[in-house]
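Q: fold the stuff below for me.
(4 chains)
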Number of protein chains: 2
Amino acid sequence: MPVRQPSKPRVRRERSEVRPYHHGDLRRVLIDAALQLAAEGAEVSVREAARRAAVSPGAPFRHFPSRDALMAAVAEEAQRRFRAEIEVALGDAPATDPLGRFRAFGLAYLRWAMRNPAHFEIISTGRYFAHGSSTEVTRDNAEVIALTERMLADAAAQGLLRSTDLKRIQIAGRALVYGFARMNLDGHFPRWGVEEGEIERTAEGVIDLFIAGIARF
Amino acid sequence: MPVRQPSKPRVRRERSEVRPYHHGDLRRVLIDAALQLAAEGAEVSVREAARRAAVSPGAPFRHFPSRDALMAAVAEEAQRRFRAEIEVALGDAPATDPLGRFRAFGLAYLRWAMRNPAHFEIISTGRYFAHGSSTEVTRDNAEVIALTERMLADAAAQGLLRSTDLKRIQIAGRALVYGFARMNLDGHFPRWGVEEGEIERTAEGVIDLFIAGIARF
DNA sequence: ACCTGAACACCGTTCAAGT
DNA sequence: ACCTGAACACCGTTCAAGT
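A: I've put the predicted structure just below:
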């Protein structure tokens, strides 16, 4: 078999002065523009994303059938990043300590939500895509749910829990962290006397309170 | 002094067939229209509210400086109703049983949120008025916070709580119910295997789990 | 004092026409 | 195949003009 040179991808003046007629990967560029708009706290509009991609207002509709479809793609991307961060955080937590893992999960969840509020909102608000319209988001989410399910099952197996109703514990735990993240998002903390600087510490305290409540000792 | 007849307020065909030039109380009518739009699950738009009030698109702006101001008025009304319902629910709960009151509060909170999702969202989303732009909403909210503060202080005084960090308990409790309400709002329950019919029961279970976690026994 | 109706600058979306 | 640019039906908001 003839050995081929490990072909450096032929660039051939891709970076010419002349604006090319075809955009490189408009789909990708539009998603990134939308992510950035959200991160800036601006409303995500198709037209503005198009403007940032330097294309006409109609162009995005060749890649996304609707604004909601664009938002779903943005949610997919954000969900991917979220899940990656969760998994990194859980890499440090030993499998032998399921409640420790549960705690690490909660902390990672809240930290990401605090530091990426707009992306968190797009993932969770459910206003942009009908439940399950994006199979990828659905799958990612299901795997995150399965993750905490396993932790609780392990904890129960080790006799660490007061209650045997794991589903109830799981939903309560999720309501707790989701509620905390949304209180932040929706600007509730000032009226609760929680200041900017102490939010992450407060998150930690709330998680610990919950775990102390479900733990046998 | 000549006695004048106790003049029945001169109506003089106010209810004539001809549409009167002045609306009776356009402000009120616009707020109601907006509440109804929200309850129908539709986007609340100033123009649509104007249409329902049978006035021109510009008319609302004589009563509200902006869409956000209209939404703030809607939030005020919704918050008033919410608080009224909470207080009715607490009327039945004896002052001698602070954790019972805490439970009753949580249930009333969640029931209202489940049954008035759109109004609940307008109250809580904080997208429509800067934190504290409406003194009335701020005050109503502060009183609801004070309500639960008292319950927990009473519970602590009776030695019913495991922890003495009441602020932490309060924020955790609020995060729990708010999170649960928002999971419902944001359509999370299908992917958690919680069906429509069992949501209120699940809410009860989650509240009980939390209270069992903070109670001394 | 309160409302109308036209106007303006935005949006999402469609579609013929261009390359 | 992909993009342009005009068009349409919506929005929030302003403002002269009417009563």
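Q: how does chain A divide into domains?
A: For chain A, automatic domain parsing gives the domain ranges A:14-65, A:68-214.
Q: for chain A, what lies in contact range of DNA strand C?
A: For chain A, the contact set with DNA strand C under Cβ under 7 Å from any atom of the strand comprises A:21, A:44-48, A:57-58, A:61, A:65-68. In this view, the C-beta of every residue, glycine as well, is placed from N, C-alpha and C.
Q: got TSV for the residues you listed, with neighbour count, secondary structure and pLDDT too?
A: Listed next are these as TSV, based on neighbours: other Cβ atoms under 10 Å in any protein chain shown; DSSP: H, G, I helix; E, B strand; the rest coil; pLDDT from 0 to 100:
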residue	neighbour count	secondary structure	pLDDT
A:Tyr21	5	coil	54
A:Val44	20	coil	96
A:Ser45	14	coil	98
A:Val46	21	helix	98
A:Arg47	12	helix	98
A:Glu48	15	helix	98
A:Pro57	13	coil	97
A:Gly58	10	coil	97
A:Phe61	14	helix	98
A:Pro65	10	coil	97
A:Ser66	12	coil	96
A:Arg67	17	helix	96
A:Asp68	15	helix	94
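Q: so which of the residues you listed comes closest to A:Asp165?
A: Nearest to A:Asp165 among the residues of chain A next to DNA strand C: A:Asp68, at 36.6 Å, using Cβ to Cβ.
Q: where does chain A dip in pLDDT?
A: A:1-23, A:129-133 (pLDDT under 70).
Q: can you pull out the helices in it?
A: A:26-39, A:46-52, A:67-91, A:98-115, A:117-124, A:135-157, A:166-185, A:199-214 (DSSP state H).
Q: now render those as TSV, adding distance to B:Ser134.
A: Compiled in TSV, the helices of chain A are given as follows (distance: least, Cβ to Cβ, whole Å):
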stretch	distance to B:Ser134
helix A:26-39	27
helix A:46-52	30
helix A:67-91	30
helix A:98-115	26
helix A:117-124	23
helix A:135-157	35
helix A:166-185	18
helix A:199-214	24
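Q: quick one: closest of these to B:Ile86.
A: Closest among the helices of chain A, using Cβ to Cβ: helix A:166-185, at 17.6 Å.
Q: what residues of the closest one count as buried?
A: A:166, A:168-185 (16 or more other Cβ atoms under 10 Å in any protein chain shown).
Q: same question for stretch A:143-160.
A: Neighbour counts over stretch A:143-160 (16+ other Cβ under 10 Å) mark A:144, A:147-148, A:151-152, A:154-156, A:160 as buried.
Q: what about the nearest residue to A:Ala89 once chain neighbours are set aside, how many neighbours?
A: Distances taken as Cβ to Cβ, 6 or more residues apart in numbering or on different chains place A:Ala108 nearest to A:Ala89, at 3.4 Å, with adjacent residues excluded. A count of nearby residues for A:Ala108, using other Cβ atoms under 10 Å in any protein chain shown, gives 20.
Q: look up how far B:Pro98 lies from A:Ala108.
A: 35 Å (Cβ to Cβ, to the nearest Å).
Q: what does A:Asp92 give?
A: Distance, A:Asp92 to B:Pro98, by Cβ to Cβ: 40 Å.
Q: neighbour count winner among the two?
A: Using other Cβ under 10 Å as the criterion, A:Asp92 and B:Pro98 rank with B:Pro98 on top: 22 against 10.
Q: next up, the contacts around the more buried one.
A: B:151-152, B:154-155, B:158, B:160 (Cβ atoms under 8 Å, 6 or more residues apart in numbering or on different chains).
Q: can you check A:Thr202 too?
A: Contacts of A:Thr202 (Cβ under 8 Å, 6+ apart): A:194, B:168, B:171.
Q: contact partners for the closest residue to A:Ala153 other than its chain neighbours?
A: Nearest residue to A:Ala153, sequence neighbours excluded (Cβ to Cβ, 6+ apart): A:Leu166, at 6.5 Å. Contact analysis of A:Leu166 by Cβ under 8 Å, 6+ apart lists A:149, A:152-153, A:156.
Q: adding distance to A:Glu136, write the residues of chain A next to DNA strand C out as CSV.
A: Listed next are the residues of chain A next to DNA strand C as CSV, based on distance: Cβ to Cβ, whole Å:
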residue, distance to A:Glu136
A:Tyr21, 31
A:Val44, 19
A:Ser45, 24
A:Val46, 21
A:Arg47, 26
A:Glu48, 25
A:Pro57, 27
A:Gly58, 26
A:Phe61, 21
A:Pro65, 17
A:Ser66, 18
A:Arg67, 19
A:Asp68, 15
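Q: which residues touch A:Leu147?
A: Residues near A:Leu147 by Cβ under 8 Å, 6+ apart: A:86, A:90, A:105.
Q: and the nearest residue to A:Ala181 once chain neighbours are set aside, how far is that from A:Gly106?
A: Nearest non-adjacent residue to A:Ala181, counting by Cβ to Cβ, 6+ apart: A:Ala113, 3.7 Å away. Applying Cβ to Cβ, the value for A:Ala113 to A:Gly106 is 11 Å.
Q: repeat that for A:Ala175.
A: Per Cβ to Cβ, A:Ala175 is found 12 Å from A:Gly106.
Q: A:Arg162 - how many residues pack around it?
A: Around A:Arg162 there are 13 residues (other Cβ under 10 Å).
Q: any idea how far it is from chain B?
A: Computed as Cβ to the nearest Cβ, to the nearest Å, the A:Arg162 to chain B distance reads 8 Å.
Q: contacting residues for the nearest residue to that residue once chain neighbours are set aside?
A: Distances taken as Cβ to Cβ, 6+ apart put A:Arg216 closest to A:Arg162, at 5.2 Å, once the chain neighbours are dropped. Going by Cβ under 8 Å, 6+ apart, A:Arg216 touches A:159-162.
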